[in-house]
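1. here are the coordinates; sequence isn't available:
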Ligand code: NAP
C-alpha cells in the first residue's frame with residue numbers, strides 16, 4: 001500500500017455480503033478496491049436470508065440499520081427474498097427506511113461485451129423514483145373479484161427526483177434530461193411528473209429538456225438507444241425501462257445501481273443472488289464492482305474510481321479472462337481468476353475513456369420549492385365506490401332516489417373507469433364495483449375548515465349504505481379553481 005493511501009482518511013462503509021453469489025462478488029470487489037488503495041474501511045453487516053431465518057421479519061437486523069445510519073454508506077450484494085417465510089423484501093425495507101428516493105442506473109456499452117447494439121455508443125443514465133408510485137404497495141381487495149392498487153405520487157417526490165436527474169446531468173456533464181411519463185393517460189399522477197419536469201427545467205437553461213411517453217421511450221430505447229442521455233421517470237416505469245436498457249448493453253449481470261437519499265446511499269448490483277451458481281466460483285463480479293466505482297465517485301475518490309474502471313475496461317476488452325456468462329462457451333474463467341486479472345490491470349488505460357465526473361449533490365428536502373399550498377380549496381362533490389350486481393340503469397335510478405334530499409346530485413356512474421350511466425350505448429363489461437359521482441350545485445369552501453360538507457356526506461353515505469356495501473369515498477376537490485380529479489372515460 002502506498003504512503004499516500006496510508007495517510008489518506010478512510011471512509012467507513014457498511015458491506016452487506018448478502019446471499020447466494022453475494023459473498024463471492026463482494027469478496028472480489030473488496031479485493032480489487034483494496035489493491036487499488038481505495039480509501040474505504042469496511043464494516044460488515046448481515047441482511048437477507050440468514051436474518052429472515054433467525055426471525056427478523058424485515059430481513060434487516062437493527063444492528064445493520066444502525067451501521068448504515070451511522071456510516072451513511074453501504075455496498076450491498078444481492079439479498080434473497082424468501083418465498084414461504086419472512087414476507088418483506090429486505091431491499092425494499094432498506095430503501096424505505098432510509099428514504100432512498102433516487103435509483104440511479106447507468107447503462108453504458110462496455111468494451112469486449114458483444115451485443116446486437118455494440119458500436120452504437122450507448123451511454124445513458126436512468127434515474128428512477130424509488131419510493132412512491134404503485135410501489136408503495138397500497139392495495140385492497142374491493143370486492144371478492146376486484147383488487148385495487150393506489151398510485152400515489154407527490155409534488156415533493158416528483159420534484160426531488162427531477163432535481164436529482166438535473167444534478168446528475170451537471171455532475172456528469174450530460175446534455176439532455178428526458179422525462180419519461182404516461183401523462184396522456186394518468187394526467188394527475190404521471191402528469192405531475194411531466195409538469196414538474198417542465199417547471200424544474202427552466203432553472204437549468206444549459207441542459208436540454210425533453211419529454212417522452214413511456215411506451216414510446218421503450219420503443220426508442222430499442223430503435224435508437226444512443227440518442228438518450230439522462231432519463232428520469234416514476235418508479236414502475238423506471239423498473240421496467242431500466243431492465244430493458246441494461247439488456248441493450250449485456251444484461252443485468254453487469255448492471256450497477258445506486259440508491260440515494262438525503263442521509264444515506266446504498267450501492268448494489270442489479271442482479272439477484274443467482275443461487276444456481278452460488279459457491280461455484282462462477283459469478284461475474286462486474287456489476288458489484290461497477291457499483292463500487294459509483295460509490296468511490298460518491299465519496300469523491302474520482303482518481304481511484306477511474307483507475308478501477310479502466311482496469312475493468314482493459315480486462316473486458318482483452319477478453320482472455322472473462323467469467324462464463326461473458327466468455328465463449330467453455331472458455332470462461334472463475335470469479336477469482338477474473339478478479340486477479342482486474343488487479344493485474346490496475347494502472348493500465350483502456351481505449352474506452354471514463355466519463356468526467358463531479359460529485360452529485362441532491363437537493364435536500366428543505367430546499368424543495370414546488371410544494372406550494374393552494375390559496376383556495378373547495379369541495380365540489382364526492383365519488384362513492386360501491387358493490388352491487390345491479391345493472392347500471394337500475395343502479396342510477398336507485399341512487400337518484402336515495403340522494404333526492406341531499407345537496408349532492410348524481411351526475412354519473414362508472415365501472416372500472418368507464419362511464420355507464422347515464423347510458424352511453426357502449427358495451428362495457430360490468431363488474432360488481434361501481435363509482436357513483438355526486439356533485440354539489442354550490443361547492444363548500446374548505447378554506448380554514450375541515451368540517452365543511454361533512455354532515456351532508458354522512459347523510460348521503462348513510463342513505464346509500466342502507467342499500468349497498470360501499471368500500472370508499474373520494475372527495476372531489478377544486479384547488480385554486482382547478483379540478484383535482486379526472487372524469488371517467490366516455491363521460492358526456
Ligand atoms: P438472478 O439472481 O439475477 O439470477 C438469474 C440468472 O442470471 C442466474 O441464474 C445466472 O444465470 C445469471 N446471473 C445473475 N447474476 C450473475 C452474475 N453476477 N454472474 C453470472 N451470472 C449471473 O435472478 P433470480 O434468479 O430471479 O433471483 C434469485 C434471488 O435473488 C431471488 O431470491 C430474488 O428475490 C433475489 N434478487 C435480489 C435482488 C437484490 O438484492 N437487489 C435483485 C434481484 C433478485 P445462469 O443460470 O445463466 O448462470
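-> Sure thing, it's come through. This structure is a prediction, so every number in the text was calculated from the model and none was measured. Numbers count the residues shown, from 1 in each chain.
2. and the stretch 251-400 of the chain, which residues reach the ligand?
-> Taking CB under 6 Å from any ligand atom as the criterion, the stretch 251-400 of the chain approaches the ligand at residues 252-253, 268, 271-274, 276-277, 283-284, 287, 325. Just so you know, the C-beta spots here come from the backbone N, C-alpha and C atoms, and that holds for glycine as well.
3. tell me the contacts of the residue in the stretch 101-250 of the chain positioned nearest to the ligand?
-> Taking CB to the nearest ligand atom as the measure, the stretch 101-250 of the chain has residue 243 as its residue closest to the ligand, at 10.0 Å. Applying CB atoms under 8 Å, 6 or more residues apart in numbering to residue 243 gives the contacts 252, 270.
4. ok so, going back, and the residues of the stretch 251-400 of the chain next to the ligand as JSON lines, adding distance to residue 437 and secondary structure?
-> What follows is those, written out as JSON lines (distance: CB to CB, whole Å; DSSP: H, G, I helix; E, B strand; the rest coil):
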{"residue": "252", "distance to residue 437": "45", "secondary structure": "helix"}
{"residue": "253", "distance to residue 437": "50", "secondary structure": "helix"}
{"residue": "268", "distance to residue 437": "45", "secondary structure": "strand"}
{"residue": "271", "distance to residue 437": "47", "secondary structure": "coil"}
{"residue": "272", "distance to residue 437": "45", "secondary structure": "coil"}
{"residue": "273", "distance to residue 437": "48", "secondary structure": "coil"}
{"residue": "274", "distance to residue 437": "50", "secondary structure": "coil"}
{"residue": "276", "distance to residue 437": "53", "secondary structure": "helix"}
{"residue": "277", "distance to residue 437": "55", "secondary structure": "helix"}
{"residue": "283", "distance to residue 437": "55", "secondary structure": "coil"}
{"residue": "284", "distance to residue 437": "55", "secondary structure": "coil"}
{"residue": "287", "distance to residue 437": "49", "secondary structure": "helix"}
{"residue": "325", "distance to residue 437": "54", "secondary structure": "coil"}
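5. show me which of the residues you listed is closest to the ligand.
-> Compare each of those with the ligand using CB to the nearest ligand atom and the shortest gap goes to residue 272, at 2.4 Å.
6. ok so, going back, return the members of the residues of the stretch 251-400 of the chain next to the ligand classed as buried.
-> Neighbour counting by 16 or more other CB atoms under 10 Å classes 253, 268, 271, 272, 273, 274, 277, 283, 284, 287, 325 among these as buried.
7. which one among the residues you listed gets closest to residue 410?
-> Using CB to CB, residue 272 is the member of these that lies nearest residue 410, at 50.6 Å.
8. for the residue lying closest to the closest one once chain neighbours are set aside, helix, strand, or coil?
-> Using CB to CB, 6 or more residues apart in numbering and skipping the chain neighbours, the partner closest in space to residue 272 is residue 78 (4.8 Å). Following DSSP: H, G, I helix; E, B strand; the rest coil, residue 78 is assigned to coil.
9. burial measure for residue 78, as a count.
-> Neighbours of residue 78 under the rule other CB atoms under 10 Å: 27.
10. wait, it touches residue 22, no?
-> Yes - under the contact definition of CB atoms under 8 Å, residue 78 touches residue 22, with a separation of 5.2 Å.
11. helices along this structure, start to end?
-> Per DSSP state H, the chain has helices spanning 3-7, 22-35, 49-53, 62-71, 90-97, 155-171, 189-201, 214-223, 235-248, 286-298, 302-318, 335-344, 392-402, 454-465. These are given in chain order.
12. could you export these as JSON lines, including mean pLDDT?
-> Listed next are these as JSON lines, based on pLDDT from 0 to 100:
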{"stretch": "helix 3-7", "mean pLDDT": "47"}
{"stretch": "helix 22-35", "mean pLDDT": "98"}
{"stretch": "helix 49-53", "mean pLDDT": "91"}
{"stretch": "helix 62-71", "mean pLDDT": "97"}
{"stretch": "helix 90-97", "mean pLDDT": "90"}
{"stretch": "helix 155-171", "mean pLDDT": "94"}
{"stretch": "helix 189-201", "mean pLDDT": "96"}
{"stretch": "helix 214-223", "mean pLDDT": "98"}
{"stretch": "helix 235-248", "mean pLDDT": "96"}
{"stretch": "helix 286-298", "mean pLDDT": "97"}
{"stretch": "helix 302-318", "mean pLDDT": "97"}
{"stretch": "helix 335-344", "mean pLDDT": "98"}
{"stretch": "helix 392-402", "mean pLDDT": "97"}
{"stretch": "helix 454-465", "mean pLDDT": "97"}
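13. if we can go back for a sec, out of the residues of the stretch 251-400 of the chain next to the ligand, who's nearest residue 235?
-> When these are compared against residue 235 (criterion: CB to CB), the nearest one is residue 268, at 16.6 Å.
14. okay, and the beta partners of the closest residue to that closest one other than its chain neighbours?
-> Closest residue to residue 268 in three dimensions, ignoring its sequence neighbours and counting by CB to CB, 6+ apart: residue 76, at 4.3 Å. Judged by DSSP bridges, the bridge partners of residue 76 are residue 16, residue 268.
15. contacting residues around the residue in the chain sticking out farthest from the centre?
-> Each residue of the chain has a distance to the centre, and by CA atoms, centre = their mean the biggest one is for residue 405: 47.1 Å. Taking CB under 8 Å, 6+ apart as the definition of contact, the neighbours of residue 405 are residue 459.
16. same check, this time on the one 3 residues further on
-> Under the criterion of CB under 8 Å, 6+ apart, the contact partners of residue 408 comprise 381, 382, 438, 439, 440, 456, 457, 460.
17. could you list the domains of the protein?
-> According to the domain assignment given by automatic domain parsing, the chain is divided into the following structural domains: 11-344, 377-483.
18. in CSV, list those along with distance to residue 361.
-> Written out in CSV, the entries for the domains of the chain read as follows (distance: least, CB to CB, whole Å):
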stretch, distance to residue 361
domain 11-344, 6
domain 377-483, 32
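19. out of the ones you listed, deepest packed?
-> Comparing these on average neighbours per residue, with mean count of other CB atoms under 10 Å, the densest one is domain 11-344 at a mean of 20.
20. and the residues of the stretch 251-400 of the chain next to the ligand, which two are furthest apart?
-> Farthest pair in these (CB to CB) is 268 and 276. Separation: 19.9 Å.
21. read off the pLDDT value for the residue nearest to residue 108 when sequence neighbours are not counted.
-> If the residues on either side of it in the chain are set aside, residue 108 comes closest to residue 123, at 4.7 Å by CB to CB, 6+ apart. On the pLDDT scale, residue 123 is placed at 97.
22. next up, the contacts around residue 123.
-> Each residue near residue 123 by CB under 8 Å, 6+ apart is listed here: 107, 108, 109, 226, 229, 355.
23. among those, which ones are in strands?
-> 107, 108 (DSSP state E).
24. can you redo the contacts of residue 123 as JSON lines with pLDDT?
-> Putting the contacts of residue 123 into JSON lines (pLDDT from 0 to 100) gives the following:
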{"residue": "107", "pLDDT": "97"}
{"residue": "108", "pLDDT": "96"}
{"residue": "109", "pLDDT": "96"}
{"residue": "226", "pLDDT": "97"}
{"residue": "229", "pLDDT": "98"}
{"residue": "355", "pLDDT": "86"}
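25. out of the contacts of residue 123, which is nearest to residue 38?
-> Ranked by distance to residue 38 (CB to CB), the contacts of residue 123 are led by residue 355 at 18.9 Å.
26. for the closest one, phi and psi?
-> phi -70, psi 160 (degrees, to the nearest 10).
27. of the contacts of residue 123, which pair is most distant in space?
-> Going by CB to CB, the pair spanning these furthest: 226 and 355, at 14.9 Å.
28. isn't residue 46 right up against residue 65?
-> No - because the distance of 11.2 Å does not satisfy CB under 8 Å, residue 46 is recorded as not touching residue 65.
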